[in-house]
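> structural data only, the sequence is not supplied:
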């Protein structure tokens, strides 16, 4: 069997190291890392995957689409899909910045403690305009959760919500500004007070819910902080927390979610190297995560 | 023995994936991929090959020169050759876009059915200004074949022919415009009608000889289509054709030629990793291909 | 144990091949090569090292900082150091263009024949403004040697000396212009005549001390030429010289020093993959070299 070659298509000028290390650990033998990938220059890169190995060997080539810009990665993914024809295709995993695998792991973790099927679940996604935040919001909304997508910039939150409403039929996602002070009467404060699930998915090293905010989250049953750089994104959540009880809530930190994220990523890479028809986006990864438990 | 390190010098802004996957399958352990390589910036990259391993270990480093621009690759190849001195050199394979190995495989395939040595063989190369087309024309002309190099743009065809006449002594290559309609009286139509060998080497997914054109190629004994993206470059030739009889002619599709191309490529990579003096260009690859049968 | 991933941060637009081949031979399983790295864009590349592997697996990731510009590499190294926190860090080797390992090997070689501890040793570093030359000067000065840093451009020599005086407490480094003719009365000629140690660390293929200059170096006990491209940097020193006696002096050529340089490099890579706290700069590499003998 030929070596497993993973073509890493990164929309950032520099191909990322994060996605690369994870790909190595997920079983890729050879990485072909491409930075600055756009819909305009991606076609020959895809042809290089399609036309170099014949027959069953084709399955040993796969494509990973990454980078920090979710919208750019989606545009590249759409172009990759169009370039394939008939059986001349390779497995694809779309996971910019690990956003889809991380979001899937966060939502699977939350689902252990909250029953989304009731249709009465509320969630706040802090740092909701980033790669991970957008996908957490999309996956929760796809499960029927009412989602409040919070960002320090209301206009950026509104843009993200508009994009998400195009992607998820019948979703209810609301944009709010997460004011630093957080007056009790603000929509953000009301959202935090009423949320069953709070997920912090903001930039590294930024506290998005401080101790007062945490105390105000009186109905929260699950608190998930995905930020690995101190200080914590949610005050009181430690990096290694994994379903640690804190009052009526359970807490997950980035390492507590990270184990499942890595399992999802590995299973996804295994899938794209065995099923050339696989084209794995956030929802597929959520399904993989759910099957892993 | 140290790992086999192949330095991929690519003249395109992005180092290509095609050349990289083939290099992996040809036995390189480590690829060092460099995009945007020019004669101006290549010298330190070559020094990195020359001065890192001593003695017999030097043979475990080799250089591959690729990319979509044949002229740029040739300029880089000339600079690489100048940078070496005495025994301080590594094996080099010049194969932009797989053009040399593909062209060599096509010409070896044609030679199974047509005796070039008679000096009375005519060939038409469709899409003759591209990387593969130029090399097919050069290799055929080097074997004494009268070659008609066709392109939709007559001026681009003429430029390519002028370059080829500089490279091959005593070559007879003629430039023609391959009009889409194809009036019966055009030089192109006459060339197709008289050709013993027709090779389509154009862009992916473009038909260069339609059904009427194919029917008009009454003297053709070999039809080779190197385009792997539907529709076929020559109407009626299937991707997997390998010496399939079609009237008086035999047909080869991209997969039918591809097996031999890959064998040539592998043998060439094996050569540059065992013979530091090897500097393999199209004609060397043709000789390798002929020896492989 | 996971694969050893070495992230090669290169400040040049093209990541270098020299550093890469050496890294492969030093035991890295996977190279993630990044070109055009700056203090501004390096942080996410470092986060990719810090946050992808947990626990003891973290030690299987390490960072190499290279490229041709010593000052740029130092700025990136400073930013990398700042990005780490607590135990969330990986081993780092700072070795732009192999300058630190080469300089360390040259100084260890010289120390076999000259006792720096007397405090009365004089050295001339030819081509002293380049990556290797600057580090040789710094390491010698750090050992109490009086160093004359020579360059064809006096102003560039003075700039380099100013930087070195910031880095090494109590160093005595003097800048001189190495005139091609070399009048007997010039500071450069006096320096050569009085030097115990002469190291040529200039550009490839440039003679920095011709036969007359070599003859004038009457007190020299060690002559080290680090240039591997003919003609020699110091007339009469052959590439393979390794403590070859030439009158009262011993000579080392690039290959004679190269064996120790490679041993230092390998030991350093081994160190950064086993000690996440290691942050190896020129002085650490000198210590490693001294321990290797």
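In hand now; what should we look at? Because the structure is predicted, anything quoted here is derived from the model rather than measured. Numbering: from 1, shown residues only, chains lettered A, B, ... in the order given.
> interface residues of chain A facing chain B?
Neighbours of chain B within chain A, by C-beta under 8 Å from any C-beta of the partner chain: A:2-3, A:5, A:7, A:30, A:32, A:34, A:36-37, A:41, A:44-54, A:61, A:85, A:88. In this view, the C-beta of every residue, glycine as well, is placed from N, C-alpha and C.
> okay, residue A:183: pLDDT?
Confidence at residue A:183, expressed as pLDDT, is 60.
> can you count the residues close to the residue in the stretch 1-150 of chain A that chain C sits nearest to?
Scanning the stretch 1-150 of chain A for proximity to chain C using C-beta to the nearest C-beta identifies residue A:17 as nearest, at 3.0 Å. Residue A:17 has 25 neighbours, counted by other C-beta atoms under 10 Å in any protein chain shown.
> residues contacting it?
Neighbouring residues of residue A:17 by C-beta atoms under 8 Å, 6 or more residues apart in numbering or on different chains: C:7, C:32, C:34, C:44, C:45, C:46, C:47, C:48, C:49, C:52.
> can you list the domains in chain A?
Following automatic domain parsing, one gets these domains for chain A: A:5-98+A:260-291, A:102-257.
> in chain A, which spans are helices?
If you assign secondary structure with DSSP state H, the helices in chain A sit at A:17-25, A:42-50, A:70-83, A:99-111, A:131-142, A:154-167, A:187-194, A:211-216, A:254-272, A:282-292.
> make CSV out of the ones you listed and add mean pLDDT.
Formatted as CSV, those follow (pLDDT from 0 to 100):
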stretch, mean pLDDT
helix A:17-25, 91
helix A:42-50, 95
helix A:70-83, 94
helix A:99-111, 96
helix A:131-142, 94
helix A:154-167, 92
helix A:187-194, 93
helix A:211-216, 93
helix A:254-272, 93
helix A:282-292, 96
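> may I see those organised as TSV, with distance to residue C:73 added?
Shown next, in TSV, are those (distance: least, C-beta to C-beta, whole Å):
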stretch	distance to residue C:73
helix A:17-25	18
helix A:42-50	31
helix A:70-83	30
helix A:99-111	32
helix A:131-142	30
helix A:154-167	36
helix A:187-194	45
helix A:211-216	42
helix A:254-272	31
helix A:282-292	38
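> in the stretch 101-250 of chain A, what residue is nearest chain C?
residue A:228 (5.1 Å).
> for that residue, which non-adjacent residue is spatially closest?
Once flanking residues are discounted, residue A:228 sits nearest to residue A:254: 4.1 Å by C-beta to C-beta, 6 or more residues apart in numbering or on different chains.
> surely the one you found and residue A:227 touch.
Yes. Judged on C-beta atoms under 8 Å, residue A:254 makes contact with residue A:227 at a distance of 6.3 Å.
> wait, residue A:285 sits on residue A:102?
No. Counting by C-beta under 8 Å, residue A:102 is not a contact partner of residue A:285; they are 9.5 Å apart.
> rewinding a little: so which of the contacts of residue A:17 wins on neighbours?
residue C:49 (29 neighbours).
> which parts of the stretch 101-250 of chain A sit against chain C?
Checking the stretch 101-250 of chain A against chain C by C-beta under 8 Å from any C-beta, the hits are A:204, A:228, A:229, A:230.
> which one among those residues gets closest to residue B:13?
Using C-beta to C-beta, residue A:204 comes nearest to residue B:13 of these, at 30.5 Å.
> just want the residue of chain A that's nearest chain B.
Distance from chain B to each residue of chain A (C-beta to the nearest C-beta) is smallest for residue A:48, at 3.0 Å.
> mind checking how far residue A:41 is from residue A:90?
18 Å (C-beta to C-beta, to the nearest Å).
> roughly how far does the residue nearest to residue A:105 when sequence neighbours are not counted sit from chain C?
Sequence neighbours aside, residue A:261 is the residue nearest to residue A:105 in space, at 3.8 Å (criterion: C-beta to C-beta, 6+ apart). As judged by C-beta to the nearest C-beta, to the nearest Å, residue A:261 and chain C stand 11 Å apart.
> what distance do you get for the residue lying closest to the residue of chain A closest to chain B once chain neighbours are set aside to residue B:97?
Leaving aside its chain neighbours, residue A:48 sits nearest to residue B:17 (3.0 Å; criterion: C-beta to C-beta, 6+ apart). For residue B:17, the distance to residue B:97 equals 11 Å [C-beta to C-beta].
> can you check residue A:170 too?
48 Å.
> ok, these two, which is more surrounded?
A direct count of neighbours by other C-beta under 10 Å for residue A:170 and residue B:97 places residue B:97 higher, at 24 against 8.
> my guess is that one meets residue B:22, correct?
No. Between residue B:97 and residue B:22 there is no contact under C-beta under 8 Å: 10.5 Å.
> if we can go back for a sec, return the members of the residues of the stretch 101-250 of chain A next to chain C classed as buried.
A:204, A:228, A:229 (16 or more other C-beta atoms under 10 Å in any protein chain shown).
> so the second one sits right up against residue A:257, yeah?
No. The criterion here is C-beta under 8 Å, and residue A:228 misses it with residue A:257 at 10.0 Å.
> what's the neighbour count on the residue lying closest to residue A:207 once chain neighbours are set aside?
Closest residue to residue A:207 apart from its sequence neighbours, by C-beta to C-beta, 6+ apart: residue A:231 at 5.1 Å. Neighbour count of residue A:231, defined by other C-beta under 10 Å: 11.
> can you pull the contacts of the residue nearest to residue A:280 when sequence neighbours are not counted?
Distance criterion C-beta to C-beta, 6+ apart; nearest residue to residue A:280, sequence neighbours excluded, is residue A:93 at 4.8 Å. By C-beta under 8 Å, 6+ apart, the residues touching residue A:93 are A:62, A:63, A:64, A:65, A:268, A:269, A:271, A:272, A:278, A:280.
> same check, this time on residue A:252
Counted by C-beta under 8 Å, 6+ apart, residue A:252 has contacts A:106, A:109, A:222, A:223, A:224, A:225, A:237, A:241, A:242, A:243, A:244.
> once you drop chain neighbours, what's closest to it?
Nearest to residue A:252 is residue A:224, by C-beta to C-beta, 6+ apart, at 4.5 Å.
> shouldn't the one you found be in contact with residue A:255?
No. Counting by C-beta under 8 Å, residue A:224 does not reach residue A:255; the two are 11.9 Å apart.
> give me the phi and psi angles of the closest residue to residue A:133 other than its chain neighbours.
Nearest residue to residue A:133, sequence neighbours excluded (C-beta to C-beta, 6+ apart): residue A:201, at 3.8 Å. Here is the backbone geometry of residue A:201 (degrees, to the nearest 10): phi -130, psi 40.
> skipping adjacent residues, who's closest to residue A:91 in space?
Using C-beta to C-beta, 6+ apart, the nearest residue to residue A:91 is residue A:272, at 2.8 Å.
> follow-up on the earlier one: would CSV of the contacts of residue A:93 with neighbour count be doable?
Converted to CSV, the contacts of residue A:93 look like this (neighbours: other C-beta atoms under 10 Å in any protein chain shown):
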residue, neighbour count
A:62, 26
A:63, 28
A:64, 29
A:65, 29
A:268, 26
A:269, 24
A:271, 17
A:272, 25
A:278, 18
A:280, 25
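> returning to what we had before: of the buried ones among the residues of the stretch 101-250 of chain A next to chain C, closest to residue B:156?
Within those, the smallest distance to residue B:156 is 51.5 Å, found for residue A:204 (C-beta to C-beta).
> nearest residue to that closest one other than its sequence neighbours?
Among residues not flanking residue A:204 along the chain, residue A:229 sits closest, at 3.8 Å (C-beta to C-beta, 6+ apart).
> thinking again about what came up before, neighbour-wise, which of residue A:41 and residue A:90 wins?
residue A:90 (26 against 16).
> doesn't residue A:57 make contact with that one?
No. Here residue A:90 does not reach residue A:57: they are 10.8 Å apart, not a contact under C-beta under 8 Å.
> how far away is residue A:201 from residue B:218?
Residue A:201 sits 68 Å away from residue B:218, going by C-beta to C-beta.
> ditto for residue A:262
Taken as C-beta to C-beta, the span from residue A:262 to residue B:218 is 64 Å.
> of these two, who's got more company?
For residue A:262 versus residue B:218, neighbours defined as other C-beta under 10 Å are more numerous around residue A:262 (20 against 12).
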